[in-house]
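Undergrad: Sharing a sequence plus its predicted fold:
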Amino acid sequence: MRRRSKTTQDEHVKDFGPWFWVHVVLLLIAYASPLLADWRIILIGVAVLQIQYWMIGGCYITHLERGKDSREVFWWYYLRKIWPNIRADHTKFVVRIVVPIIIVGIAFILQTHIGYTPPLSW
């Protein structure tokens, strides 16, 4: 069995430490939010998140996890380990703009056109 070097072990622990798991849980809740919360609550959450990005230059949890590098986006950091040429600016645009629009859009359609009532309703 091959043993990892001390540096590799430390990096692995840092990469998958407690803030990583907090991030994963919050992202799973966010991605499931069309099924969990009223679309207006989701829209308010997205607005608060965008204000946070603007005011502190990124995500608070990412700052705790990776430091205050404005290029660092949770998804980009981990995706570049698989695809080293992935661009931070493209990832940031998708994560901060495209994904929230899709989440709110799915919630809106599910709740206003299909008639789904989430557990956390307005």
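TA: Okay, I see it.
Undergrad: State the pLDDT value of the residue nearest the centre of the chain.
TA: Residue closest to the average C-alpha location in the chain (Cα atoms, centre = their mean): Leu27, at 4.8 Å. The score at Leu27 is 94. That number is its pLDDT.
Undergrad: again, but for Thr7
TA: According to the prediction, Thr7 has pLDDT 51.
Undergrad: Neighbours of Trp21, how many?
TA: 10 (other Cβ atoms under 10 Å). The way it works is simple: take the backbone N, C-alpha and C, and place the C-beta from them, glycine included.
Undergrad: Which parts of the protein are helices?
TA: Applying DSSP state H to the chain gives helices spanning 6-15, 18-36, 39-56, 60-66, 74-82, 88-93, 99-108.
Undergrad: Take those and write them to CSV, including distance to Ser121.
TA: Output for those, formatted as CSV (distance: least, Cβ to Cβ, whole Å):
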stretch, distance to Ser121
helix 6-15, 38
helix 18-36, 10
helix 39-56, 8
helix 60-66, 27
helix 74-82, 29
helix 88-93, 31
helix 99-108, 11
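Undergrad: need the least confident one among those, by mean pLDDT.
TA: For these, the bottom mean pLDDT is recorded on helix 6-15, which sits at a mean of 59.
Undergrad: before we move on, back to that, closest to Pro118 out of the helices of the chain?
TA: Of all these, it is helix 18-36 that lies closest to Pro118, at 5.5 Å by Cβ to Cβ.
Undergrad: Could you list the buried residues of that closest one?
TA: Using 16 or more other Cβ atoms under 10 Å as the test for burial, helix 18-36 gives Trp19, Phe20, His23, Ala30, Ser33, Pro34.
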